[in-house]
Structures are given as C-alpha cells and as structure tokens.
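J.: missing the sequence, but the structure's below:
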C-alpha cells in the first residue's frame, strides 16, 4: 500500500508539473516558476491534492547535487582557482552589505536581535540552482560568466556552512573550535584525495572501458554521490563535494558525454525540489508577512545586481560581465531556506520569520527567473554525444 501511495504521489507531482509547464511555455514563462506555483496551489497548504510530501523531502536535494556535478564537468580547475581568488573580496563585501540591509529591515519591523541576524544571514546568499539552471546549455559561449558565478557561489556556500554552524553553537551555547578547524582543513584534504583518485584510478578505468557507455555512466554517478557524501561527512555540503567531483574529471574526454547523459536525471529531481519549495509555504501566514516580504523582495531585486556589478567593476571585471553576473545572482538561495529552517528547529526565531524568508525566497526566485530569461534567453541545443565511441547494443 505504501509503495502505491509513493508512486501515486510522484505521478501527481509530475502530471501537475507537466500541465503547469505547458501553460508556462504558452505564456513564455519560466518552468521553475510553474513548478513552485503548482506546489503552492496543490500542496499541503493549498488544495491538498498532494498532502503527504515527507518521502519527497528525502530525495529532492539530489537534483542540486547533480546540478553542481554537471557544472564542475564544464570547468577547468586552474582557471576556476584564479576566478575564486578574484571574487573572494566581492563575495565578502557583498555578503556584508546584504546582511546589513536584511538586519535593518528586520529591525524596522520590530523583530528580535536573533531574528534580525537570521534575516540578514539569509539575505547574503544567491541561489546556486536558479542561477545555474538558467545558464544556456552551450556553456562554451558563457564559460567565463559561469566561472565568475561559481566562484562567488562556492564562497557563499562556505559562508552558509559557517552560518549553520553558528546556529548550532547558539542552540547549544558553546563553541566547538575543533569542529571549525576541521571544516577549514577538510577542503584541501578532499581536493587532494579526489585528484589522486582521479589520476591513479578513474583515469585508468575510463581509458580501459571507455567503449562501455553504461559502465561509464554508472561510475560517474557513483563518483558524484560518493564525493558528495564524503564532503558532507567532514562537515561541508553535498553541493561542494559534487562540484569537486565534477571538476576532478572535467579534463577527461568523457566529460561531455557524461554531462549530456545526466541532465535528464538532474531535471527529474529539480522538479521535486521546486515543487517542495512551493508546497512547504503556509498560506495562513500570507497576510502577516506579505508587506515586509514585498519590501525585502523589491529592495534586493534592485540592490543585488547593482552591488555585484559595482564590486566586480572594482576588481576590473568587464561591465557586460559584471551586469550579467549581478542579474543572474539577484535572488535569495536554497541555503537561505536551510538556515531559516535550522533556526526554527532550534527555536531561535518565530514562525512568522520563517515564512517571511520563505516568501521572499520564492518571490525572488520568480522575479529573478523572469528577469534573467527576459535579458538573457536560454539557447537550447541537443545534448552532446561523445565522439569516437562505439555504441554497444
């Protein structure tokens, strides 16, 4: 019986998403927006057509993992390190500005000190999923823009991990300095381990069995999820681990083939992710948080592109690149939701703050998707096929 309920739930989600996506395509709107609106309308707080989404919560973040892995497959480690070095100051300065603005708006509406700090922390991050999902498929024409974005997003991920650690410290009332040091040292350790495995094991395996496509695909998925789990085990995030796994084999001749084969799997899980964002919003708090939510959304929709553009220009980035990166990073993040939910579980904030940040995140996802697609339309193309490989029946 449980198996049938799971299958029926997944059927409803994808059937509904297909209907809403069809309407969105006819109206030339973003598919990501269609998934979220469907979740709001038919989730547990809407018409309750899909009231039980607990099982989906366990697997929806796999889409984010595959998204970061696929992006890593397109980026070379040497050029990425240069971009991260350039964007470090941009990330830190922009995070400080966005934190201050979020804190001030929260203070203006009478929230507590802890709640204002959480609101400010959530404002610091941009969405890895939205900004990267809306990149064109042909990254060859946009490789440098994507590298600058990833440099900023990865550093934001590290800041988010430290914020989550801070929430845990505030909950338990003590500082675990050993845990902080362990997280800092784990990044170079994982990088060293991953590139040693790639050089002495994966490279030889791929060279010997390159003609067996099914086997390469299997190894690629195992590699992606294995490194993601390793990163999570040492205190980092699944996303950072998956990205490291991707860049480790980016120079391999099979990278383009794996990328083309994994995109449908990524999209499957991302549908679940965006559906759950909409489905988890409690409509009963709509009247309470709508005014501050609209104010915060309006402020950050204007502020984020301008701040990123200005800061990138300060590090001698081209004006066109600076504006495009600013527009593409002009939203809150899935990490904002993780931070707000962690603070809620720790009872550091009230429920109204949870739904305020959630509402702002959804509104900015929607508004940012429209703005990006309007200014930078996605160019579609067929997934690449690895040349010189014999297909086995």
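T.: Nice, I can see it. Given the structure is predicted, the values throughout are model-derived calculations rather than measurements. Numbering: from 1, shown residues only.
J.: going forward, measure contacts between C-alpha atoms and count neighbours the same way
T.: OK.
J.: Pull out the buried positions in stretch 357-377.
T.: 357-373 (16 or more other C-alpha atoms under 10 Å).
J.: so after the helix or strand where residue 6 lies, what's the next helix or strand?
T.: Using DSSP states H and E, residue 6 sits within helix 2-26. Later in the chain than helix 2-26, the nearest helix or strand by DSSP H and E is helix 31-42.
J.: Check what contacts that following helix and list those residues.
T.: Contacts to helix 31-42, defined as C-alpha atoms under 8 Å, 6 or more residues apart in numbering, come from residues 16-17, 20-21, 24-25, 46-50, 271, 274-281, 362, 365-366, 369.
J.: Any of those residues buried? List them.
T.: For those, buried by 16+ other C-alpha under 10 Å: 16-17, 20-21, 24, 46, 50, 271, 274-281, 362, 365-366, 369.
J.: one step back: what's the angle from the helix holding residue 6 to helix 31-42?
T.: 130 degrees (axes from the mean of the first three to the mean of the last three C-alpha atoms, to 10 degrees).
J.: thought residue 258 was touching residue 219?
T.: No - counting by C-alpha atoms under 8 Å, residue 219 is not a contact partner of residue 258; they are 10.0 Å apart.
J.: Now intersect the contacts of helix 31-42 with the strands, please.
T.: The members of the contacts of helix 31-42 all map outside strands under DSSP state E.
J.: Among those residues, name the ones in helices.
T.: Counting by DSSP state H, the contacts of helix 31-42 place 16-17, 20-21, 24-25, 271, 274-279, 362, 365-366, 369 in helices.
J.: For the stretch 251-393 of the chain, give me the ranges with low pLDDT.
T.: Counting by pLDDT under 70, the ranges of the stretch 251-393 of the chain that qualify are 379-393.
J.: still on that earlier bit, and residue 258 and residue 219? which has more neighbours close in?
T.: residue 258 (22 against 14; other C-alpha atoms under 10 Å).
J.: Phi, psi for that one please.
T.: phi -60, psi -40 (degrees, to the nearest 10).
J.: Just give the closest residue to it, not the sequence neighbours.
T.: residue 217 (6.3 Å; C-alpha to C-alpha, 6 or more residues apart in numbering).
J.: do residue 366 as well
T.: In space, residue 366 is closest to residue 33, 5.5 Å off (C-alpha to C-alpha, 6+ apart).
J.: give me the number of residues near that neighbour?
T.: 24.
J.: Roughly how far does it sit from residue 228?
T.: 28 Å (C-alpha to C-alpha, to the nearest Å).
J.: just residue 151 next, same as before
T.: 18 Å.
J.: Check residue 364 too.
T.: 28 Å.
J.: got it, and residue 95?
T.: Counting by C-alpha to C-alpha, the gap from residue 95 to residue 228 is 25 Å.
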